[in-house]
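*Asks:* Can you look at this prediction? I've put the sequence above it.
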Protein chains: 2
Amino acid sequence: MTAIPNPQRRSEKSHQAILAAALGLCAEKGYARVTVEAIAARAGVSKKTIYRWWPSKGAVLLEAVADAVVTHTPFPDTGDLATDLHTHMSGIVKLLSSPPLGPAYSGILSEMGHDDALARAVDEELVGPRVEAAVGRLRSAQRQGELRPGADLGLAVEMLYGPVYYRHVLRRPPPSSERIASLIGHVLRSFS
Amino acid sequence: MTAIPNPQRRSEKSHQAILAAALGLCAEKGYARVTVEAIAARAGVSKKTIYRWWPSKGAVLLEAVADAVVTHTPFPDTGDLATDLHTHMSGIVKLLSSPPLGPAYSGILSEMGHDDALARAVDEELVGPRVEAAVGRLRSAQRQGELRPGADLGLAVEMLYGPVYYRHVLRRPPPSSERIASLIGHVLRSFS
């Protein structure tokens, strides 16, 4: 069979190559030393191609991180809320504490401090949808009577994620599986 | 009275001038654009003087932030734990969300990601001692029977501070006074 050029597939291949190159460079050199030039060179595309799809290196890495978060930290609903939250949060802690995703996300969090557009993108593309998904899982538990009616589920989500971010940002050791379980137990106790 | 030169007082005056200059510049230009040169020029000292006392601009700003945190967010012990925590945490939220301390601390948190010495200094000079003080206040409440024996007070502290850091780092709106009260209520409920 003769290969028929498929612009869409080629474009998708470049897209994935750019995300992979950005993450690889971030793991090797640290976020601060990654440049759009270097990403383009490694992915075999032009800088213009990258800027056609993303406004900055932070935006490229955000898409890579967001993809990985959605893939690796689902919200299972087995009917056992504590176990489901433990599965979900262990996935988050593992992602945050391993290269290349952990350092890439740290770099994005740093850059957000002085890049308003990136801060908005993080909220719209990653944090907002994930918080909504988490609230959705808690709401389903609330309907089953596991959480009390009227409980502030947004606060519950912040009490679950907050301590994980606290340790990540302050570069303290990530919480162990037992500590994650204890955190979940305390949060559920206070909302049940 | 003739002014008698007092090297120690002059040195203390320079020290304070450097901290004030660093914070002022940070508020005006943003953390990333502050340089040791600019701090020295504004404080009327040489760069050498600054480097004699601190290894980096991050270290200068860390001392300024740590001073302010200790001054503005004490751990009162009136005997009413929920009220005392509300006083303390409202102070933290206010500091984090106002210039010049808020942006300065954001800048330090960013820089910590790729400056191991600064990360250690933040832990040793700011976070470690504050966590210890918070645990101490909770332990006193535990002795009074307000928190159950054997409760993991370190986890309680992370559950209190975590959601505040979460919002600060993700640049979400700082929690209102009511939300702080609700957070404290939930944490105390889960440890009592």
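*Replies:* Right, received. Where do you want to start? Numbers count the residues shown, from 1 in each chain, chains lettered A, B, ... in the order given.
*Asks:* helix, strand or coil for residue A:49?
*Replies:* In three-state terms, and counting by DSSP: H, G, I helix; E, B strand; the rest coil, residue A:49 is helix.
*Asks:* looking at it, it is touching residue A:15, isn't it?
*Replies:* No - with contact defined as Cβ atoms under 8 Å, residue A:49 and residue A:15 do not form a contacting pair (9.2 Å). Every residue, glycine included, has its C-beta placed from N, CA and C.
*Asks:* For the residue in chain A that chain B sits nearest to, grab the count of nearby residues.
*Replies:* For chain A, the residue positioned closest to chain B under Cβ to the nearest Cβ is residue A:162, at a distance of 3.0 Å. If you count neighbours by other Cβ atoms under 10 Å in any protein chain shown, residue A:162 ends up with 25.
*Asks:* Which strand or helix spans it?
*Replies:* helix A:153-169 (DSSP states H and E).
*Asks:* Going by neighbour count, list what's buried in that helix.
*Replies:* By neighbour count on 16 or more other Cβ atoms under 10 Å in any protein chain shown, the buried set for helix A:153-169 is A:153, A:155-169.
*Asks:* of those residues, closest to residue B:20?
*Replies:* residue A:169 (26.6 Å; Cβ to Cβ).
*Asks:* gap between that closest one and residue A:139?
*Replies:* Note on residue A:169: its distance to residue A:139, by Cβ to Cβ, to the nearest Å, is 28 Å.
*Asks:* What of residue A:41?
*Replies:* Using Cβ to Cβ, residue A:41 is found at 47 Å from residue A:139.
*Asks:* Can you list the helices and strands that the helix holding residue A:162 packs against?
*Replies:* helix A:81-97, helix A:101-112, helix A:128-143, helix A:177-191, helix B:153-169, helix B:177-191 (3 or more Cβ pairs under 8 Å, 6 or more residues apart in numbering or on different chains; DSSP states H and E).
*Asks:* quick one: which of those is nearest residue A:54?
*Replies:* helix A:101-112 (12.5 Å).
*Asks:* Number of residues surrounding the nearest residue to residue A:180 once chain neighbours are set aside?
*Replies:* Distances taken as Cβ to Cβ, 6 or more residues apart in numbering or on different chains place residue A:89 nearest to residue A:180, at 5.2 Å, with adjacent residues excluded. Using other Cβ under 10 Å, residue A:89 has 22 neighbouring residues.
*Asks:* Residue A:89 contacts residue A:184, correct?
*Replies:* Yes - Residue A:89 lies in contact with residue A:184 (Cβ under 8 Å); the separation is 6.9 Å.
*Asks:* what is in contact with those two at once?
*Replies:* residue A:160 (Cβ atoms under 8 Å, 6 or more residues apart in numbering or on different chains).
*Asks:* Spell out which parts of chain A neighbour chain B.
*Replies:* Residues of chain A lying near chain B by Cβ under 8 Å from any Cβ of the partner chain: A:30-32, A:103, A:106-107, A:109-114, A:119, A:122-123, A:127, A:152, A:155, A:158-159, A:161-167, A:169-172, A:179, A:182-183, A:186-187, A:189-191.
*Asks:* Grab the nearest non-local neighbour of residue A:35.
*Replies:* Counting by Cβ to Cβ, 6+ apart, the residue nearest residue A:35 is residue A:57, at 6.8 Å.
*Asks:* distance of that neighbour from residue A:36?
*Replies:* Residue A:57 is 5 Å from residue A:36, where distance means Cβ to Cβ.
*Asks:* between the two, who's got more neighbours?
*Replies:* More crowded of residue A:57 and residue A:36, by other Cβ under 10 Å: residue A:57, with 23 against 16.
*Asks:* so where is chain A shaky, pLDDT-wise?
*Replies:* Flagging of chain A using pLDDT under 70 yields the residue ranges A:1-5.
*Asks:* Name the single longest helix found in it.
*Replies:* As assigned by DSSP state H, the longest helix anywhere in chain A is helix A:7-29.
*Asks:* how about it: buried residues?
*Replies:* A:14, A:15, A:18, A:19, A:21, A:22, A:23, A:24, A:25, A:26, A:27.
*Asks:* what angle separates that helix from helix A:101-112?
*Replies:* 90 degrees (axes from the mean of the first three to the mean of the last three Cα atoms, to 10 degrees).
*Asks:* Could you check how far helix A:7-29 is from the centre of its chain?
*Replies:* Distance of helix A:7-29 from its chain centroid, counting by Cα atoms, centre = their mean, to the nearest Å, is 17 Å.
*Asks:* Counting by contacts, list what that helix packs against.
*Replies:* helix A:36-43, helix A:47-53, helix A:57-72, helix A:101-112.
*Asks:* Let's see that with 6 Å instead.
*Replies:* Helices and strands touching helix A:7-29, by 3 or more Cβ pairs under 6 Å, 6 or more residues apart in numbering or on different chains; DSSP states H and E, are helix A:36-43, helix A:57-72, helix A:101-112.
*Asks:* Most tightly packed of those?
*Replies:* helix A:101-112 (a mean of 23; mean count of other Cβ atoms under 10 Å in any protein chain shown).
*Asks:* Give me the contact list for that helix.
*Replies:* Residues from elsewhere that reach helix A:101-112, judged by Cβ atoms under 6 Å, 6 or more residues apart in numbering or on different chains: A:23, A:26, A:31, A:58, A:61-62, A:65, A:68, A:95-96, A:118-119, A:122, B:110, B:113, B:169.
*Asks:* run the last query once more with 7 Å
*Replies:* Here helix A:101-112 makes contact (Cβ atoms under 7 Å, 6 or more residues apart in numbering or on different chains) with A:23, A:26-27, A:30-32, A:58, A:61-62, A:64-65, A:68, A:95-96, A:118-119, A:122, A:169, B:110, B:113, B:169, B:171.
*Asks:* Using PDB, list the CA coordinates for that helix.
*Replies:* Extracted in PDB, the C-alpha atoms of helix A:101-112 (Å, rounded to 0.1, in the frame of the first residue of the first chain):
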ATOM      1  CA  LEU A 101       5.400  15.400  35.700                       C
ATOM      2  CA  GLY A 102       6.300  16.600  39.200                       C
ATOM      3  CA  PRO A 103       9.100  19.000  38.200                       C
ATOM      4  CA  ALA A 104       7.100  20.100  35.200                       C
ATOM      5  CA  TYR A 105       4.100  21.000  37.500                       C
ATOM      6  CA  SER A 106       6.400  22.700  40.000                       C
ATOM      7  CA  GLY A 107       7.700  24.800  37.200                       C
ATOM      8  CA  ILE A 108       4.200  25.700  36.000                       C
ATOM      9  CA  LEU A 109       3.200  26.700  39.600                       C
ATOM     10  CA  SER A 110       6.300  28.900  39.800                       C
ATOM     11  CA  GLU A 111       5.600  30.600  36.500                       C
ATOM     12  CA  MET A 112       2.000  31.200  37.400                       C
END
